[in-house]
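A.B. asks: dropping a prediction and its sequence here:
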Amino acid sequence: MQNSIIKTICLLSYLVFSSCEKIDLRSALMSYEKVSERFDQSMEWNTRQGYPKIVTSDDAYKIMVMADSHIGSTENYDLFIKDVLQKKSLAVVMNGDITTGRSEDYNTLSAIRPDKNDIESFLTVGNHDLYFNGWEEFYARFGASVYYFTVKSPLASDLFICLDSGSGTLGEKQMQWLKRILENKRKEYRHCVVFTHVNFFRTRHTGSTNLLVEELHTLMHMFHEYQVNMIITGHDHIKSVEVLGNTTYLTMDALLDGNEQAGYLLLHIDEKELNYTFVNL
Amino acid sequence: MFLSVRIILIMLILLLICMSKSVKSQFQIELYEDIGRYNSVASPFFKTAAMVSFQCDEYVVSIGNQWNVSKKDLISVPDLFINYTHKFVVFKQAIDVQAFLLYIPFTPPLYELDWGVLAAYSLQRFRFKLGTHFRMYRISRTAFEENVLHHKRNIFEYFNMMYLVTYYINRPDKRWNVGFSLTNIDHFMINQETNPVFNLQMSYDIVPTFKLFLEGWYKSAGAFNLSVNPFGFFIRSGCVCKIQ
């Protein structure tokens, strides 16, 4: 009986670890770098470059958000960027799993990322972006994975925070940084939106990992206490909306090529409200 | 509400003790202390737990409390779990079926409520548990009304899988044992099925009715994302006392 159990465990382990070439099994034991190391590098970048500030003369503006494009192929990404330019979005946020983590895919993304003169784009990392030592490629090309940016309109200013959850945890340092930002800055801004790759709640069964429950407790408390309006995530590839008090937790459809429900999120910010629309391609 | 539930249950247990002279019954008290460190909470953290079980023939009722003494905003209401176990024999194999309720007030305005069922099966050197539960995150009514929140009070997660596989070096009749577990459940915490936790445990029976134990728990994040980072660990030490 016990031999059968051991054999079954070995067989299951073999099946799990003999997956396709899109994933990097080395990271199943330990990721290339810890989230705290990426955080330190991000803070160095932020010290050098500063936090982006966008000023607009319009009272109402749009920000378009996508996740899980998994470049490689760029069919849906190209459609998304076309929409971004057509709809005159003020900025675009790429919320993790933008690439497969391979060097050649980062080359592709660098080549087709919108020009800064046309539109500001803000990137966060997802777990796939970190495969094959992808963080080195990400950091060299795009810089920080933890930062905030602000948008100042004639009526008010809004705060947008980008977090690195590519490793399934924010880590102690990033958590403390987030708390400091919310404590010191939240009151100065009208709306506060947080972008991060990994979705918070398991509204359906998948093999993808969420943040651990202990970490969710801390984050939910923080978002409630500082009245964060919206948390925008990807990772699960299927959209969902959860509301707890005054905080809305959104998960977006993947922009992945071949996904029948491929889509992105359109944020509308005006003098009264912060609204969203899921757009399918 | 939960305080009154506890009082009723304690009274029920006491009543069962008084009525149980003619049946095989057993009382068990378990006490333990956790000291550890996580990425996401003020470190180190200290948690103290006490659990009482009463077994009457094939029925077991357990109730436990856990106090997180390191929290800044110390919550007057501790974590609470209530567990009912029925022991079955199926094809000469002993199987425990448990129904439970877990209440975790993680901050004053927010709490988590879990409920579900779990089946446990033991071999000489293995122990297995498999089950499912529902999770609800909720804002307390007071906080909801005080803040004039117009939105929803709950987030639900349905049918999360719970599992535990333990391998023991010794058979249960030995005085000491060492075991290794892979699981996503603990007495006062149920993680998502994709966040496994590793546990190394040692126990020693000083006398047949009194046992000391020491456990090391390690949690990693991102296992099923294939981007694994350490999340935290804790050491648990405690004792179990049985009263026949």
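C.D. replies: Yep, it's here. Numbering: from 1, shown residues only, chains lettered A, B, ... in the order given.
A.B. asks: quick check: closest non-adjacent residue to residue B:243.
C.D. replies: residue B:27 (4.1 Å; CB to CB, 6 or more residues apart in numbering or on different chains). In short, each C-beta sits where N, CA and C put it, glycine included.
A.B. asks: what packs against the helix or strand hosting that neighbour?
C.D. replies: Assigned by DSSP states H and E, residue B:27 belongs to strand B:25-38. Applying 3 or more CB pairs under 8 Å, 6 or more residues apart in numbering or on different chains; DSSP states H and E, we find strand B:25-38 packed against helix B:2-19, strand B:45-56, strand B:210-221, strand B:229-243.
A.B. asks: list the strands paired with that strand, with their directions.
C.D. replies: Sheet partners assigned to strand B:25-38 using DSSP bridges are listed as strand B:45-56 (antiparallel), strand B:229-243 (antiparallel).
A.B. asks: where among the helices and strands packed on strand B:25-38 is average confidence lowest?
C.D. replies: Among these, helix B:2-19 carries the lowest mean pLDDT, at a mean of 58.
A.B. asks: any idea how far residue A:69 is from residue A:120?
C.D. replies: Using CB to CB, to the nearest Å, we find residue A:69 at a distance of 18 Å from residue A:120.
A.B. asks: find the closest residue to chain B in chain A.
C.D. replies: Residue nearest to chain B within chain A (CB to the nearest CB): residue A:168, separated by 2.8 Å.
A.B. asks: my read: that residue touches residue A:198, true?
C.D. replies: Yes - using CB atoms under 8 Å, residue A:168 makes contact with residue A:198 at a distance of 6.1 Å.
A.B. asks: quickly list what's touching both of these two.
C.D. replies: In terms of CB atoms under 8 Å, 6 or more residues apart in numbering or on different chains, residue A:168 and residue A:198 are both contacted by the residues A:127, A:209-211, B:225.
A.B. asks: need the pLDDT of the spatially closest residue to residue B:100 that is not a sequence neighbour.
C.D. replies: Of all residues not flanking residue B:100 in the chain, residue B:83 sits nearest, at 4.4 Å (CB to CB, 6+ apart). Residue B:83 carries a pLDDT value of 96.
A.B. asks: show me where the chain dips below the pLDDT cut-off.
C.D. replies: Reading this off chain A. For chain A, applying pLDDT under 70 flags the ranges A:1-23, A:25, A:28-29.
A.B. asks: I was thinking of chain B, sorry if that wasn't clear
C.D. replies: For chain B, applying pLDDT under 70 flags the ranges B:1-24, B:71-76, B:148-150.
A.B. asks: give me the distance between the spatially most central residue of it and chain A.
C.D. replies: With distances taken as CA atoms, centre = their mean, chain B has residue B:187 as the residue nearest its mean C-alpha position (0.9 Å). Going from residue B:187 to chain A by CB to the nearest CB, to the nearest Å gives 14 Å.
A.B. asks: who are the contact partners of that residue?
C.D. replies: So residue B:187 contacts B:49, B:51, B:64, B:66, B:81 (CB under 8 Å, 6+ apart).
A.B. asks: same thing with residue A:164?
C.D. replies: With contact set as CB under 8 Å, 6+ apart, residue A:164 has these partners: A:35, A:38-39, A:42, A:124-125, A:145-146, A:170, A:174, A:196-197.
A.B. asks: for it, helix, strand, or coil?
C.D. replies: Recorded secondary structure, residue A:164: coil (DSSP: H, G, I helix; E, B strand; the rest coil).
A.B. asks: and it, its phi and psi?
C.D. replies: With angles defined as degrees, to the nearest 10, residue A:164 sits at phi -100, psi 100.
A.B. asks: how many neighbours does residue B:45 have?
C.D. replies: By other CB atoms under 10 Å in any protein chain shown, 18 other residues sit near residue B:45.
A.B. asks: residue B:68 is in contact with that one, correct?
C.D. replies: Yes - using CB under 8 Å, residue B:45 is in contact with residue B:68, at 6.7 Å.
A.B. asks: in chain B, what residue comes closest to chain A?
C.D. replies: For chain B, CB to the nearest CB, closest residue to chain A: residue B:222, 2.8 Å.
A.B. asks: isn't that residue up against residue A:30?
C.D. replies: No - Residue B:222 lies out of contact with residue A:30 (CB under 8 Å); the separation is 10.1 Å.
A.B. asks: residues touching the residue of chain B closest to chain A, list them.
C.D. replies: Contacts for residue B:222 were tallied using CB under 8 Å, 6+ apart; they are A:31, A:127, A:166-169, A:209, B:228-229.
A.B. asks: how about residue A:266?
C.D. replies: With contact set as CB under 8 Å, 6+ apart, residue A:266 has these partners: A:62-65, A:87, A:89, A:276-279.
A.B. asks: list the buried residues of stretch A:262-269.
C.D. replies: For stretch A:262-269, burial by neighbour count (16 or more other CB atoms under 10 Å in any protein chain shown) applies to A:262-267, A:269.
A.B. asks: now tabulate those residues in a markdown table and tack on secondary structure.
C.D. replies: Shown next, in a markdown table, are these (three-state DSSP):
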| residue | secondary structure |
| --- | --- |
| A:262 | coil |
| A:263 | strand |
| A:264 | strand |
| A:265 | strand |
| A:266 | strand |
| A:267 | strand |
| A:269 | strand |
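A.B. asks: of all those, which two lie farthest apart?
C.D. replies: Greatest spatial distance in the buried residues of stretch A:262-269: A:262 and A:269, 24.3 Å, computed using CB to CB.
A.B. asks: look up phi and psi at residue A:113.
C.D. replies: Per degrees, to the nearest 10, the backbone of residue A:113 is at phi -60, psi 140.
A.B. asks: and it, what does it touch?
C.D. replies: Per CB under 8 Å, 6+ apart, neighbours of residue A:113: residue A:121.
A.B. asks: before we move on, back to that, residue A:69 and residue A:120: who's more crowded?
C.D. replies: Neighbour comparison, residue A:69 and residue A:120: the larger count goes to residue A:69, with 31 against 17 (by other CB under 10 Å).
A.B. asks: quick check on that one: phi, psi?
C.D. replies: Note on residue A:69: backbone dihedrals following degrees, to the nearest 10 are phi -80, psi -20.
A.B. asks: now swap in the one 10 residues further on and tell me
C.D. replies: Backbone geometry at residue A:79, expressed as degrees, to the nearest 10, gives phi -60, psi -40.
A.B. asks: just give me the neighbour total for the nearest residue to it once chain neighbours are set aside.
C.D. replies: Nearest residue to residue A:79, sequence neighbours excluded (CB to CB, 6+ apart): residue A:281, at 5.3 Å. Counted by other CB under 10 Å, the residues lying close to residue A:281 total 15.
A.B. asks: count of residues packed around the residue of chain A closest to chain B?
C.D. replies: Neighbours of residue A:168 (other CB under 10 Å): 30.
A.B. asks: I'd like to know how far the closest residue to it other than its chain neighbours sits from residue B:185.
C.D. replies: Leaving aside its chain neighbours, residue A:168 sits nearest to residue B:222 (2.8 Å; criterion: CB to CB, 6+ apart). Distance, residue B:222 to residue B:185, using CB to CB: 19 Å.
A.B. asks: so residue A:130 sits in a helix?
C.D. replies: Yes - Residue A:130 forms part of a helix when assessed by three-state DSSP.
A.B. asks: thought it was touching residue A:101?
C.D. replies: Yes - assessed by CB under 8 Å, residue A:130 is found in contact with residue A:101 at 6.1 Å.
A.B. asks: and these two? Which one has more around it.
C.D. replies: Neighbour count, other CB under 10 Å: between residue A:130 and residue A:101, residue A:130 has more, with 32 against 29.
A.B. asks: for that one, give me its contacts.
C.D. replies: A:27, A:31-32, A:101, A:138, A:166-167, B:227.
A.B. asks: the closest residue to residue B:176 other than its chain neighbours - how many residues pack around it?
C.D. replies: Once flanking residues are discounted, residue B:176 sits nearest to residue B:204: 4.7 Å by CB to CB, 6+ apart. When neighbours are defined as other CB under 10 Å, residue B:204 has 13 of them.
A.B. asks: quick one: what helix or strand has residue B:204 in it?
C.D. replies: Going by DSSP H and E, residue B:204 is part of strand B:197-207.
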